[in-house]
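Colleague: Sequence and predicted structure, then a few things I'm wondering about:
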Amino acid sequence: MTQELVWRIAGGSGDGIDSTSQNFAKALMRSGLDVFTHRHYPSRIRGGHTYVEIRAGPEPVRSRGDGYNFLLALGDSFARNPQEDAYYGNEEVKPLAENLDELREGGVIVYDEGLVDIDDVPDFEQRVEENGWHVYPMDLRAIAREHGREVMRNTAGVGATAALLEYDMEHIQGLMEDRMSGDVLEANLDILQMVYDEVEEMEFSHDLRMPTGSHDEEQVLLSGSNAIAYGAIDEGCRFIAGYPMTPWTEVFTLMTQHLPEIGGISEQVEDEIAAAALALGASHAGVKAMSGSSGGGFALMSEPLGLAEMTETPVVLVEAMRAGPSTGMPTKPEQADLEHVLYTSQGDSCRVVFAPGNVAEAYDQTRAAFRIAYDYQLPAIVLYDQKLSGELRNVDESFFDREPNPDLGATLTEEEIAEAAHHASGKFQRFQHDPDNDKGVSPRSIPGQKDGRFLATGNEHTPEGHISEDPNNRVAQLSRRRRKLESIREELDAEESSHQTYHGPDDADYGIVTFGSQQGTVLEALDRLTDAGHDVRAMGVSDMMPFPDAEMTEFLESVEQAMVVEMNGSAQFRGLIQKELGRFGPKLNSLLKYNGDPFEPHEVVEGFEAIIEGDEPAPTTEFVPAAGD
Amino acid sequence: MTQELVWRIAGGSGDGIDSTSQNFAKALMRSGLDVFTHRHYPSRIRGGHTYVEIRAGPEPVRSRGDGYNFLLALGDSFARNPQEDAYYGNEEVKPLAENLDELREGGVIVYDEGLVDIDDVPDFEQRVEENGWHVYPMDLRAIAREHGREVMRNTAGVGATAALLEYDMEHIQGLMEDRMSGDVLEANLDILQMVYDEVEEMEFSHDLRMPTGSHDEEQVLLSGSNAIAYGAIDEGCRFIAGYPMTPWTEVFTLMTQHLPEIGGISEQVEDEIAAAALALGASHAGVKAMSGSSGGGFALMSEPLGLAEMTETPVVLVEAMRAGPSTGMPTKPEQADLEHVLYTSQGDSCRVVFAPGNVAEAYDQTRAAFRIAYDYQLPAIVLYDQKLSGELRNVDESFFDREPNPDLGATLTEEEIAEAAHHASGKFQRFQHDPDNDKGVSPRSIPGQKDGRFLATGNEHTPEGHISEDPNNRVAQLSRRRRKLESIREELDAEESSHQTYHGPDDADYGIVTFGSQQGTVLEALDRLTDAGHDVRAMGVSDMMPFPDAEMTEFLESVEQAMVVEMNGSAQFRGLIQKELGRFGPKLNSLLKYNGDPFEPHEVVEGFEAIIEGDEPAPTTEFVPAAGD
Amino acid sequence: MSAFNAIGENREVEREEFTPGIEPQATWCPGCGDFAVLKSLKGAMSDLGKSPDEILLATGIGCSGKLSSYFESYGFHTIHGRSLPIARAAKLANPDLEVVAAGGDGDGYGIGGNHFMHTARENHDMTYIVFNNEIFGLTKGQTSPTSPKGHKSKTQPHGSAKDPIRPLSLALTSGASYVARTAAVNPNQAQEILTEAIEHDGFAHVDFLTQCPTWNKDAKQYVPYVDVQQNDDYDFDISDRKEAAEMMYETESALYEGKVLTGRFYHDENRHSYGSEKRSVGEMPEEPLAERYHDADYEWERSYDLLDAHK
Amino acid sequence: MSAFNAIGENREVEREEFTPGIEPQATWCPGCGDFAVLKSLKGAMSDLGKSPDEILLATGIGCSGKLSSYFESYGFHTIHGRSLPIARAAKLANPDLEVVAAGGDGDGYGIGGNHFMHTARENHDMTYIVFNNEIFGLTKGQTSPTSPKGHKSKTQPHGSAKDPIRPLSLALTSGASYVARTAAVNPNQAQEILTEAIEHDGFAHVDFLTQCPTWNKDAKQYVPYVDVQQNDDYDFDISDRKEAAEMMYETESALYEGKVLTGRFYHDENRHSYGSEKRSVGEMPEEPLAERYHDADYEWERSYDLLDAHK
Ligand SMILES: Cc1ncc(C[n+]2csc(CCOP(=O)(O)OP(=O)(O)O)c2C)c(N)n1
Ligand SMILES: Cc1ncc(C[n+]2csc(CCOP(=O)(O)OP(=O)(O)O)c2C)c(N)n1
Ligand code: SF4
Ligand code: SF4
Ligand SMILES: [Mg+2]
Ligand SMILES: [Mg+2]
């Protein structure tokens, strides 16, 4: 029986690939499978090589596979006329031509012969033969035109997929019925049926069939961006300010769509400096607030971020990484903003940074970010990337059945304020040198509260907030603010479940360490390495600041050598480990990738083998061996 | 004979302390002494405790001393009326009261009894007695009023100083004659004489006398900011754009005053984003250009900085650190922007950062920054701080007798462009994957050059500059850009003289490491430690990026333990060492200070003793021991 | 019951309540116009019966920005140029707060110019006071966006080559619904204008001429001043955009010819404030959001109830 | 001899020279108004006899920002909102270059609004083309500063509560000395206006209506358009600031009532450009700075000669 389907739908930007694939993934989920999606698209509104890959099987799917086994190659409606030596190549055939390299042996191809001319695909016949591919040309466009409109060729393609895999159509039909109505629904259902019938007539040469599975409970399909937005909502965040930027726009848009319905406020403002400043203003006035951006937009938040640190204004910022520097490759994932997010803004950093490893962690860690930001009065940042942002996974519905937490954290009631220390000037001492708790947190009042007035300032300040350059006050305040980070680390260490994930035997000889969105890929690779007889253990790290020194030390002490896997060119995460621990450098090897595509499991496997067997790693990755001791 | 004078002049902001002390320092230099100044002032325009300290002696002076031995306490013309529990205390007596803690035993005090009432200085008589101070009250204001104007009390104070130290007045008179004329000069000379005569009548109880010395050649007195500006001018920098911010304003103002005279352009613009962008625009158009800022202003340059990296636009930025985060303490020094400057802006950093250790290095390293920025087409940053910015030292005039270098670096002439590779689209290939040199540098054309047109873009791009998301092109371009850093490291390593300074025996057991402006203080402390029989060596580091891995490794391997001295609260420089080398953490101890005052030599001495003898370090510093192994 | 009992007390408030019970005393230079802003703001708030705890005063960075240190209320001394976005969000979060933003001419028309334009455009219900001393005070006297052409300073040694910006006209063009100019030398007018500005339901921009004797000019140079409402030479309708625009243009030009015109220049009582616009399209709750966090009975919405779309 | 021989060639330049010899073909959507900007700019430059190597085209980020990819010249595709400060510095560095900046309405009036205001104020000799499609195109259709009130988008699901900004009025108030609006649907007018704008010695702002059929509206919605110079209903003097201001106000309002007014709105031939102001106060050299680096005979000044003040 087929273990997994890895289905790729390819076409042009603006051709509806995204929504078609999302619906298909949902159908697969509904029929009992676990699913995982991966998006690839250009920074262009119309046309250009785009695909979405869905990996589905009866067992939990954590990552892309290596390659895929079913290609649905649609046309690109906005393909440009090719010319010789063209920058963008022949776009008309890209939905087919660009995807062949990764199609597994024995894979299935359905392409729209109405739009794609295989004569323009170099060496097509030969490659088909060499790889034992099964090719089914169909005039999907014609079918769509005949029974509905041209855009419905996506439906036709999905129908063909289902039929070829002998997949029960009811899930797809059900979804259409949920999403559409009237003539549009009719036409789509017709097309689906037409194609199904047409395929039934055909002869199949392939063995691939839809895997089957079942879920114990109701599932929901959602992306990292959904999960972040939901985490924020469940923590009582009711204010967001932002400015669009790929891929952060997804979280911003989701929040903007939900907030008015639940009595919250979303503001699209003039730039990201303002966006961050608004979030601070709203939080200061007593509302749980967030902002966020990507790349250059986050860079513009650098100064307000420091203001939040200095005024101890709670705020959550999200940063969705994409390939940099500068505008870089706006729709491609990378993990190269780690150092930027940790250190941008003048002065000693006093912030929290979490890098969730999957959809569920994105939800959990967004909640943790809010909790900590408000309890400890500092900025907390959720650092993720273009990959996690758009990656769909199924999660148990019950996972979300939790209590909301609108608690404002370290604040006082008017009664408490009346009891609290005030300075002779009349001001409430909102920034005490030695607050009662040993966390370094001095509770705040909210504007409008009686006798709670104080000054929040980005200058160094006395307990009541007045500007001060007194050296003793300075030391008391700065060290208290920094003490908060230690308290947070203690709190996180004391929690039942760590934000770090481990996989593999405790006593393994070798380690693989990664952070953020590459977690799933590394775990997948780990299984393969273990199957291949390697003695290896993996760690996925989410706590970037405060850093989990103890956990990381324990892990690295337990292994002889470790490989650090990250998507950037300067080994930033490895640098962070070295910085924080001041040792282990000679044990660490780096596996880097920065071509705009996330790691595939086989690349991690090959990278690992390069360490212990001295093999060449995959050509798309860069291997940086440990420093000689 | 007296070895050194450490003279402190104290008063209010806006009372001319700065220029008076500058002139006095110059007089001392002219009379053959080496001098070094230290400024302390509040973030306030008029009034508030201000002092300038001049250390002068026959031998080179590298740093402040511990304490000082002569106080000239003037009045604060803008002192506010004190109230009980006042935030700002009794400002009228601050010029005297605030300075007593650091006055050495047996020191001399001259105060203006016209303005300062010693009854308001707590325990004054008692402290005088305990410390064996020699106190000379004089009504300086009255003398000034009588012979000129009240502001001339500074002159009277200088006269009193000279007389009490039996210093030949001619140097002071000479300076006045160079700077003033007419009635003003007359009045000042009169006052000087009056005071001199008056003091001659008095009985001296102190032994302190002006030290004497001589210089082999003509000296010039200048600050770190002067040195940076002159380094820029000598490298042919003729364009600066900026926005005022303390302490960067000094470099900006100096350049703005000089540039029009030498046919350059200075632009004060709407904000720092624009300032950095203008510098890029001017450089792109073929002019050597710079910008800079401090704290929050530099934070705003984050996004343009990344654009410079991606478009390979040469530019020099200077960052003058002050105490942060946020507005912090605007007039106080700190070294807490190191990580910010290294990593701000999304994506992998590709920049050069130098942190000069003294006035001469500030000049040299600014030149190096320009040379490298233009040769390697990237942003180079000179990172210094409020201390170095305003610190005056005497330097041999001949030090500046060098050739200017207006070379634009890696550029082509029209003839060379004609020969160079062009793409079929007509564009010059300004971003070749594999340029002829092995440095990773692809030479550029300048707009207006025939057939040199190309596209500079912050997106990832092809050799001719067109936007591209092609994975192979991406890898070629990003790895080439990063290769430049390696080439620079090689170039720096190969140079005759390293940017790092060493002091003490090669085979010492212990090391002290610091960076930037604390160099002189550490060297001073080293001498004391050596005198006290410790076996210790010091290293002052200037290359922050690319980091001098080999030099640092050699140094740390040679010692058993090392102490890292830096002015911030999170041990950023120690973190950088650990990050870069991945080891030595267990050997490293941190000595931190972040109260707004730079280190004094004795604090470094005490910190060191804390390591090897387990003593308590000075209470103003924080000692962070090595991580257990 | 509100969690914010300082709000809407509507009691007699003495102007002394806005003076910190003890120091800090203002560190402005002797003769600085900034004192007059402090004084007139205290007077206006007292006239309006606002209590210190219901006011949020957000300031920028500059000598002017120190206003929040010397005016007793909730204060937010922000960063250079960013008082407006912080202030307007606080107003959205809790519309019951009395929100005032203030800063210098460099702060507001230089680095913060874009926020000025967009906040005015959105017509947030708040007052914005710009201390216009035609100079960067705190950084020691550089040319500012309102410094006259030809103005010499350390960063413009040969005199500025730039025409100054037109703050009143910019406010009007951008969409401010109340625009006035007053001067430190005329504290009575200043207090009246600030009172009106605070009462106005919309974005009220007050360009406040504050002499800087240390770097620029002293009070004398702003005298005599003319109140355009009091002077027969100036006859225009402040509710008429076109007439207001012309009067502003003249006023802005006149300043650099030594003629100090002050007064109300524009007042549009009909334009809806941003809060009410936003509420009317259903993008802002009727009750102040900040109250909700103190309402023990509020049933907080959960993502669990939004999952249907994901099934 | 100049080091920049492309400058001032003054030869016949075919518009095809501004088309890259081969791809990249524009990736704009079919029917996008941006094609018209490209076309009219090519036409204008050809009419003016400018050669591709003497032009620097600095663009922002957005669909509009891709102009520099498809127009053959020196190009600088900068970052979002920052084309103006980069462009104006290039002009100061080498005044002989023909400098054009371009970007979207979000880029220029949103995030870049402050640079717009200050560059206009300074009156740099350059042309600034704003592709005004009343939307954020590249980020997929969010409301922009010129989107009409009530405009619905993913980030304004209930319709924008904000009044749009007034780009022409802002340019005028800020100090632009040439202000025009043209439209993609009127390529002939566009080419003429761009030609004039480029020829103008000062800051020329062209608000270019570019339909975005993908997210906003298609070309039909900009038809019919009226050229205010060609239509007798509009009689005003483009050299008169006051009349221009009123016409702009009307034009801006009319757009949202479906009436597309285009043409020249303001032209001040007397205001000196920033470069000439700066030269006249002695803060800018007469010869282009960029030339100096290629002058083998130039005696570069040294700090050594400035040390007198330090002795
Ligand atoms: C981002 C940033 N840039 C620069 C500064 C330095 N700075 C502080 S106040 C100021 C300008 C002061 O002028 P203005 O806003 O007119 O206020 P004034 O002091 O005249 O009241 C500047 C440039 C800063 N604090 N932050
Ligand atoms: C600092 C920053 N913020 C956000 C973005 C994302 N972004 C790219 S283009 C764009 C707006 C596009 O709108 P507009 O300027 O009107 O150009 P158009 O695409 O409509 O031509 C935005 C927000 C960015 N690149 N940089
Ligand atoms: S410098 Fe000028 S603005 Fe600042 S306090 Fe002094 S007088 Fe006032
Ligand atoms: S999205 Fe709109 S502006 Fe962008 S290319 Fe398409 S039609 Fe043009
Ligand atoms: Mg000012
Ligand atoms: Mg647009």
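Modeller: Arrived safely, thanks for sending. Ligands and ions are numbered 1, 2, ... in the order given.
Colleague: which residue ranges form the strands in chain C?
Modeller: C:55-59, C:74-77, C:98-104, C:126-132, C:178-183, C:203-209, C:225-227, C:260-267 (DSSP state E).
Colleague: To ligand 1, which of those lies closest?
Modeller: strand C:98-104 (2.2 Å; C-beta to the nearest ligand atom). For glycine as for every other residue, the C-beta is placed from the backbone atoms N, C-alpha and C.
Colleague: Which residue does the stretch 201-311 of chain C have closest to ligand 1?
Modeller: The nearest approach of the stretch 201-311 of chain C to ligand 1 comes at C:C212, 6.3 Å away (C-beta to the nearest ligand atom).
Colleague: give me the number of residues near that residue?
Modeller: By other C-beta atoms under 10 Å in any protein chain shown, 28 other residues sit near C:C212.
Colleague: In contact with the closest residue in space to it that isn't next to it in sequence, which residues?
Modeller: Excluding the flanking residues, the one nearest C:C212 by C-beta to C-beta, 6 or more residues apart in numbering or on different chains is C:N133, at 4.0 Å. By C-beta atoms under 8 Å, 6 or more residues apart in numbering or on different chains, the residues touching C:N133 are C:33, C:63-64, C:104-105, C:144, C:209-212, C:216.
Colleague: likewise A:R367?
Modeller: So A:R367 contacts A:231, A:234-235, A:405 (C-beta under 8 Å, 6+ apart).
Colleague: Highest neighbour count among those?
Modeller: Within the contacts of A:R367, most neighbours by other C-beta under 10 Å means A:G231, with 26 neighbours.
Colleague: about what we covered before: how about the contacts of C:N133 in TSV, adding pLDDT?
Modeller: Formatted as TSV, the contacts of C:N133 follow (pLDDT from 0 to 100):
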residue	pLDDT
C:G33	97
C:C63	97
C:S64	98
C:G104	98
C:D105	98
C:S144	97
C:L209	98
C:T210	98
C:Q211	97
C:C212	97
C:N216	94
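Colleague: Counting neighbours, what do you get for C:G33?
Modeller: For C:G33, the neighbour count with other C-beta under 10 Å is 27.
Colleague: follow-up on the earlier one: as CSV, the contacts of C:N133 with distance to A:E616 would be great.
Modeller: Formatted as CSV, the contacts of C:N133 follow (distance: C-beta to C-beta, whole Å):
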residue, distance to A:E616
C:G33, 73
C:C63, 64
C:S64, 64
C:G104, 62
C:D105, 63
C:S144, 62
C:L209, 73
C:T210, 70
C:Q211, 74
C:C212, 69
C:N216, 69
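Colleague: which intervals of the chain have sub-threshold pLDDT?
Modeller: No chain in the question, so chain A it is. Along chain A, the parts satisfying pLDDT under 70 run over A:1-2, A:81-88, A:627-629.
Colleague: my bad, the chain I had in mind was chain C
Modeller: Applying pLDDT under 70 to chain C flags the ranges C:1, C:23.
Colleague: one more time with 90
Modeller: Within chain C, the stretches with pLDDT under 90 are C:1-2, C:8-11, C:20-27, C:153-158.
Colleague: about what we covered before: distance check, the residue nearest to C:C212 against ligand 5.
Modeller: 4 Å (C-beta to the ion, to the nearest Å).
Colleague: Does A:F584 touch B:G582 like I think?
Modeller: Yes - with contact defined as C-beta atoms under 8 Å, A:F584 counts as touching B:G582 (6.7 Å).
Colleague: Residues that sit against both of the two, list them.
Modeller: Common neighbours of A:F584 and B:G582 (C-beta under 8 Å, 6+ apart) are A:Q578.
Colleague: Tell me how many other residues crowd C:S239.
Modeller: Neighbours of C:S239 under the rule other C-beta under 10 Å: 12.
Colleague: for it, what are its contacts?
Modeller: Applying C-beta under 8 Å, 6+ apart, we find C:S239 in contact with C:266-269.
Colleague: A:G107 should be in a strand, yeah?
Modeller: Yes - counting by DSSP: H, G, I helix; E, B strand; the rest coil, A:G107 is found in a strand.
Colleague: now it, nearest residue through space, not along the chain?
Modeller: Closest to A:G107 by C-beta to C-beta, 6+ apart is A:N69, at 4.5 Å.
Colleague: Going by the annotation, which residue ranges form each domain of chain A?
Modeller: With automatic domain parsing as the criterion, the domains of chain A are listed as A:5-200, A:221-400, A:414-494, A:501-624.
Colleague: Ok, which of those comes nearest ligand 2?
Modeller: domain A:221-400 (3.7 Å).
Colleague: quick one: is that closest one near ligand 4?
Modeller: No - applying C-beta under 6 Å from any ligand atom, one finds domain A:221-400 separated from ligand 4 by no less than 12.9 Å.
Colleague: so how far is that domain from its chain's centroid?
Modeller: Taking the mean of its C-alpha atoms, domain A:221-400 sits 12 Å from the chain's own mean (C-alpha atoms, centre = their mean, to the nearest Å).
Colleague: quick one: is that domain near ligand 6?
Modeller: No - legend: contact between domain A:221-400 and ligand 6 by C-beta under 5 Å from the ion is lacking; minimum distance shown is 11.2 Å.
Colleague: Report the contact partners of A:S77.
Modeller: Applying C-beta under 8 Å, 6+ apart to A:S77 gives the contacts A:11-12, A:14-15, A:46-47, A:150.
Colleague: about what we covered before: okay, and which of the contacts of A:R367 map to helices?
Modeller: Residues of the contacts of A:R367 located in helices (DSSP state H): A:231, A:234.
Colleague: Centroid-nearest residue for chain A?
Modeller: The residue lying closest to the centre of chain A (C-alpha atoms, centre = their mean) is A:L388, at 1.8 Å.
Colleague: and that one, what does it touch?
Modeller: Residues counted as contacts of A:L388 (C-beta under 8 Å, 6+ apart) are A:223-224, A:356, A:358-359, A:362, A:516-517.
Colleague: what's the answer for C:P148, then?
Modeller: Listed by C-beta under 8 Å, 6+ apart, the contact partners of C:P148 are C:134, C:160, C:164, C:256.
Colleague: okay, now the residue in the stretch 1-150 of chain C that ligand 2 sits nearest to: neighbour count?
Modeller: Ligand 2 sits closest to C:N114 of the stretch 1-150 of chain C, with a gap of 12.8 Å, by C-beta to the nearest ligand atom. C:N114 has 28 neighbours, counted by other C-beta under 10 Å.
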